[in-house]
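Enquirer: Here is the input, now give the coordinates:
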Amino acid sequence: MANNQTYRESGGFACDAAEIYAMFRDFTIKEMDKTVSSALYKGASIIVRQAKTNLKSRLPASRVRNVTKYKDTLVDAIRVGKRKDKTEKTAHIMGTRDKYSGTFRTRFFELGTDDRYHTDPRTGKKVFCGRINAEKLGTKYFFKSAIQTTKNEVLSAIDEMLEKKIIEINDKKF
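Expert: Now for the predicted structure:
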């Protein structure tokens, strides 16, 4: 895998599948799934850590808990998700679906909001609706920038983790 380093530095990602399949040759399905799952989790957790740092720096109030209404903070919305078939790990900002969770608000700070207008059916003009203090939120792009800044770090961490786990399991077998 070391011979692909120049390709990765130019912005792409390449991996020699024959080398990986040769290392996986003696693995059981459970060992393969565990190895790939742990490598993907490691990569996603790097993005989550950077996104939390970005959110805290761009929106200092994100660490404050609103005790009267929500039981968690905005930072709690950034987490690693997984699929049931264990083929994919995702870093997301969607939060939880708990009853008293306020983490759904995090995506509004990432993407921003527009002014709230509707078209009046009688006159056909756009009319401002909502409260006067319901302002337009600007974009923070804490998650997008976290992905861009940690892309190379994630790929190298996945590479290292795969190699480490493969060597570890092969040493246990022999």
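Enquirer: where exactly do the strands run in this structure?
Expert: 79-82, 89-92, 117-119, 126-128 (DSSP state E).
Enquirer: Paired strands for the last one, with orientation please.
Expert: So that's strand 126-128. Here strand 126-128 is paired, per DSSP bridges, with strand 117-119 (antiparallel).
Enquirer: roughly how far apart are residue 62 and residue 51?
Expert: Going from residue 62 to residue 51 by Cβ to Cβ, to the nearest Å gives 11 Å. Every residue, glycine included, has its C-beta placed from N, CA and C.
Enquirer: Could you measure from the most centrally placed residue in the chain over to residue 76?
Expert: By Cα atoms, centre = their mean, the chain has its centre lying nearest to residue 91, at 2.0 Å. Distance check for residue 91 against residue 76: by Cβ to Cβ, it reads 14 Å.
Enquirer: Hmm, the residue nearest to the centre of the chain is touching residue 80, no?
Expert: Yes - Residue 91 is in contact with residue 80 according to Cβ atoms under 8 Å; the separation is 5.8 Å.
Enquirer: what residues are shared contacts of these two?
Expert: Common contacts of residue 91 and residue 80 (Cβ atoms under 8 Å, 6 or more residues apart in numbering): 44, 45, 48.
Enquirer: May I see the buried residues of the lengthiest helix in the chain?
Expert: Across the chain, the longest stretch assigned as helix under DSSP state H is helix 142-173. Neighbour-count burial for helix 142-173, counted by 16 or more other Cβ atoms under 10 Å, picks out 142-143, 146, 150, 154, 157-159, 161-162, 165-166, 169.
Enquirer: Likewise for stretch 120-131?
Expert: So for stretch 120-131, nothing qualifies as buried (16+ other Cβ under 10 Å).
Enquirer: Okay then, goodbye and thanks.
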